[in-house]
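Undergrad: For reference, the sequence and a predicted model appear below.
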Amino acid sequence: MPSAAVEIENPSRPFVRLATPDAQYLQGETIEVLVHPPNAALYDFRIIQIGKGEVVRQRQTSNRLVLKKGLDLGRFEISVRFALDICDTSHNFSDWSIRLALEVHDKNQARKIQQQREWEHRLSLIVDRDVNGVGMMNDPLAFPPSYPVGEQTRWFRAPVYEGSPTLFNECSDFYRDPKTYFLNSIKRLVDRGFGFITWHDLIDGKCSGKVKRALIQFDVDGGPNSMVRLIDPLIKLGVCGSIMIHNQAHDWYEYNIQDLDLDALKRAEAAGWCIGYHNNALNNVQRLDRFGDYSNEVFAEAAECFIADVDSLRQHFDIRTFTNHGGNVLNHRLDPPTEANIICVDRTNAELWKPINKMFSDGGFTARPAPLGQRVEKLDAGLHFFRIHPVKYANCYEPWDFPPLVIDDAIQRGVQSTPQLKTWISNETNKQNRWLEYRIQHRLQGRLSHAGPDKAISRNFQSTPEVEKLITNHRSQRKAVFTREYPAADGDPRVFWWRLLNRYTPRQGEILNVGALPPDRRKETTDFLSQDVKVIEMDIDPTHEPHILADITDPSDQLRNRFTGVLLMDLAYIQSPHKAIDACYDLVKDDGVGLFGFPDDTHPRRGAMWDPVHRPSWRKHLEPLDNIGLKGNLWSFDQNCLADLFESWQDVVIENFSQYWFVVCRRKLPR
């Protein structure tokens, strides 16, 4: 049987995930854990129950752990390590993976847990990551799961690059008014008896004697206006913090230290705050024309830039510390020049971080490890670190640091649509698209999904009450195993398929459906098509009672050029997908349409990323695949194979959704 080797991306540490898009389980439910890389020799699984200690320790040769009876009630953390040689009696294992959290609930909470599952599933469609935990935005124009639809809010969809203001896993109050939400969260810390210190206090050993303390670090990035809006309200609350600023910034957001409100920053410093350098020296050297260049020449220039930046900032502030700017450029790879005489306060400074108990960060597309308000309520005694990007909370007032991504968002907030605003939004959108492209090229390794922000197919979907009613009805008839895998209807690939049929299938003529549904389920197709369409079912299984009992890879010549469209929702089960795709082309008339759907290589149960032996990535020379079936072998499809797969078709449009590829194509040329 053909197989495809999967290289181990990071042999020092595995990546672990769940087969479901959420981490919420009811007692007794099966829990399935997957590990990357999939080709190690031996795996150690360790499951710890919070408050009770280790409850499972299992060693096995498979990278998939299945707990058929689930776990007891409570919160758990799963970690994994692997060995490359099963014959190595010393078992030289890798480092343990980052811990994966899940929670098991009582069955009487089923309704509540279902809501949480749907919430997490929707979030997974918006924000993706790779096996190293680097985040990726799949849908910048989506509304977050907790967004209070129908209410007037101050939050708006904004560009998602370089410390952008978008957070997608916050609670509803955040979206109603981000600034008020933030200040109320910090006030709650004050009310709970927390004191506030700066990095200077920690370095000088002048920490407050209070048992509860918070160190808030503000990474200003592209949000200087937002930072100024927070300073005075926080001083009024008795809060002090550490502000990290650039001396200069280019490309994604542009300013010079002289452009900032220096008086406001000095006012904060006089009130006991400290100002530090937010190191973006590599950003300032690489620029767009040298992006991704980490040569010795670039590092030498960046070191000079680092020194110049610090010297410039010291003309205004007492600069003693720095933190590295994130984003797509790896500024942390630059060693600080000794002549700068400055202290790094990132977590790599283990000695400085020893007294810090827990940390919070909003530095990505989601707040980690939980929404800010929830984090504040659950903090116990000790010193706690908060990494805050002001632009995520205070950009909701004018003048904006970043505009809305959609002009309607501005209009709904009372801002007049002008040519200047439209141009600004267009420019920011172009920057965002470029930044996301760079992120894929330079930061991500082993993506967990191929979905991207360009919704080539779904942007044209039509949502009507009639269609929504049909979707609700048909989804209610799906088996529990499918709804568990796809808790939210708008994240279900079958629902995507129904919407695709409704939008792109020809309005009349004969449509060939390859892979016949049983007679009692055929309305899943016909309900979404025009009444002027006649659906002809083809299958090799006579129990499905197809109109045409035949193999799509070897159809009768009498069927050539007969159909106005062909539907095929699942190439994974066909031994020779390329032959099937070519045959579909032969069967449609000129200008005929082909609609296809099939799992990608990242799919947790059907993808080569997790099982390269039984779920190989398709290549033409590997056809045919033997022993096809759920309990045997299935094809999966990576992005590199799609051009070859659809080489016979024209006007090919592709979109990835929920670990499935969907394709709309048209026959323009005769064969």
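TA: Perfect, thanks for sending it.

Undergrad: Excluding sequence neighbours, find me the nearest residue to Asp95.
TA: Once flanking residues are discounted, Asp95 sits nearest to Arg13: 4.4 Å by Cβ to Cβ, 6 or more residues apart in numbering. (Glycine included, C-beta is placed from N, CA and C.)

Undergrad: pLDDT score assigned to the one you found?
TA: You'll see Arg13 listed with a pLDDT of 88.

Undergrad: wait, is it part of a helix?
TA: No - secondary structure of Arg13 (DSSP: H, G, I helix; E, B strand; the rest coil): coil, not part of a helix.

Undergrad: Which helix runs longest in the protein?
TA: helix 419-442 (DSSP state H).

Undergrad: Show me what counts as buried in that helix.
TA: For helix 419-442, the neighbour count (16 or more other Cβ atoms under 10 Å) marks Leu421, Trp424, Ile425, Glu428, Thr429, Lys431, Gln432, Asn433, Trp435, Leu436, Tyr438, Arg439 as buried.

Undergrad: Following element in sequence after whichever helix or strand Lys579 is part of, please.
TA: Here Lys579, judged by DSSP states H and E, is contained in helix 577-587. Following helix 577-587 in sequence order, the next helix or strand is strand 588-599 (DSSP H and E).

Undergrad: Show me what counts as buried in the next helix or strand after that next one.
TA: Following strand 588-599 in sequence order, the next helix or strand is helix 642-645 (DSSP H and E). Across helix 642-645, burial judged by 16+ other Cβ under 10 Å covers Leu642, Leu645.

Undergrad: do the same with stretch 339-356
TA: Buried, per 16+ other Cβ under 10 Å, within stretch 339-356: Ala340, Ile342, Cys344, Val345, Leu352.

Undergrad: possible to save these as JSON lines with secondary structure?
TA: Output for the buried residues of stretch 339-356, formatted as JSON lines (three-state DSSP):
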{"residue": "Ala340", "secondary structure": "helix"}
{"residue": "Ile342", "secondary structure": "coil"}
{"residue": "Cys344", "secondary structure": "strand"}
{"residue": "Val345", "secondary structure": "coil"}
{"residue": "Leu352", "secondary structure": "helix"}
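
Undergrad: Can you get me a residue count around Lys107?
TA: 11 (other Cβ atoms under 10 Å).

Undergrad: before we move on, back to that, identify all contacting residues around the helix holding Lys579.
TA: 512, 514, 552-555, 559-563, 566, 568, 571, 574, 594, 596, 598, 618, 620, 623, 635, 637, 644-646, 648-649, 667, 671 (Cβ atoms under 8 Å, 6 or more residues apart in numbering).

Undergrad: ok so, going back, which strands or helices does the longest helix of the chain pack on?
TA: When contacts are defined as 3 or more Cβ pairs under 8 Å, 6 or more residues apart in numbering; DSSP states H and E, helix 419-442 packs onto strand 135-137, helix 407-412.

Undergrad: of the contacts of helix 577-587, buried ones?
TA: 512, 514, 552-553, 555, 559, 562-563, 566, 568, 571, 574, 594, 596, 598, 618, 623, 635, 637, 645-646, 648-649, 667.

Undergrad: So which residues of the stretch 451-600 of the chain form helices?
TA: 465-476, 480-485, 493-504, 523-526, 577-587 (DSSP state H, counting those that start in this stretch).

Undergrad: Next, the angle from the third one to strand 588-599.
TA: Computed with axes from the mean of the first three to the mean of the last three Cα atoms, to 10 degrees, the direction of helix 493-504 lies at 160 degrees from that of strand 588-599.

Undergrad: any low-confidence regions in the chain?
TA: Along the chain, the parts satisfying pLDDT under 70 run over 1-11, 89, 208-209, 671.

Undergrad: For Ile50, which non-adjacent residue is spatially closest?
TA: Closest to Ile50 by Cβ to Cβ, 6+ apart is Arg75, at 4.3 Å.

Undergrad: Roughly how far does the closest residue to Asp130 other than its chain neighbours sit from Glu339?
TA: Leaving aside its sequence neighbours, Asp130 sits nearest to Leu444 (Cβ to Cβ, 6+ apart; 4.4 Å). Distance, Leu444 to Glu339, by Cβ to Cβ, to the nearest Å: 35 Å.

Undergrad: Val190 too?
TA: Val190 is 40 Å from Glu339, by Cβ to Cβ.

Undergrad: picking up where we left off before, what secondary structure does the residue nearest to Ile50 sit in?
TA: Once three-state DSSP is applied, Arg75 turns out strand.

Undergrad: Quick check: beta-bridge partners of it?
TA: Glu103 (DSSP bridges).

Undergrad: Check the one 5 residues further on too.
TA: With DSSP bridges applied, Val80 shows beta-bridge pairing to Phe45.

Undergrad: Who are the contact partners of it?
TA: Contacts of Val80 by Cβ under 8 Å, 6+ apart are Pro14, Val16, Val33, Val35, Tyr43, Asp44, Phe45, Arg46, Trp96, Ser97.

Undergrad: Taking those residues together, which two end up most distant?
TA: Val33 and Trp96 (13.9 Å; Cβ to Cβ).

Undergrad: Between these two, which has more neighbouring residues?
TA: Just comparing Val33 and Trp96: by other Cβ under 10 Å the higher neighbour count belongs to Val33, 20 against 15.

Undergrad: give me the beta-bridge partners of the more buried one?
TA: Going by DSSP bridges, Val33 forms beta bridges with Leu18, Leu65.

Undergrad: Quick check: it touching Val16?
TA: Yes - Val33 is within contact range of Val16, at 6.3 Å (criterion: Cβ atoms under 8 Å).

Undergrad: joint contacts of those two?
TA: Residues within reach of Val33 and of Val16 at once, by Cβ under 8 Å, 6+ apart, are Ile78, Val80, Leu100.

Undergrad: could I get the residues you listed as a markdown table with distance to Asp128?
TA: Putting those into a markdown table (distance: Cβ to Cβ, whole Å) gives the following:
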| residue | distance to Asp128 |
| --- | --- |
| Ile78 | 20 |
| Val80 | 21 |
| Leu100 | 16 |
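
Undergrad: Most distant residue from the centre of this protein?
TA: Residue farthest from the centre of the chain, counting by Cα atoms, centre = their mean, is Gln558 at 47.3 Å.

Undergrad: Going by the annotation, which residue ranges form each domain of this protein?
TA: Domain assignment for the chain by automatic domain parsing gives 15-129, 159-394, 458-666.

Undergrad: which residue is nearest the centroid of the protein?
TA: Closest-to-mean residue, the chain, Cα atoms, centre = their mean: Asp128 / 1.5 Å.

Undergrad: Distance check, it against Gln659.
TA: 10 Å.

Undergrad: any shared contact partners between these two?
TA: Joint contacts of Asp128 and Gln659 (Cβ under 8 Å, 6+ apart) are Ser449.

Undergrad: Which residues are in contact with the residue nearest to Asp95?
TA: Ser94, Asp95, Trp96, Ser97, Ile98.

Undergrad: Narrow the residues you listed to those in strands?
TA: If you go by DSSP state E, those have nothing in strands.

Undergrad: Now restrict the residues you listed to buried residues only.
TA: Ser94, Ser97.

Undergrad: Would you mind giving the contacts of Arg13 as a markdown table with distance to Gly222 added?
TA: Below are these laid out as a markdown table (distance: Cβ to Cβ, whole Å):
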| residue | distance to Gly222 |
| --- | --- |
| Ser94 | 38 |
| Asp95 | 35 |
| Trp96 | 36 |
| Ser97 | 33 |
| Ile98 | 29 |
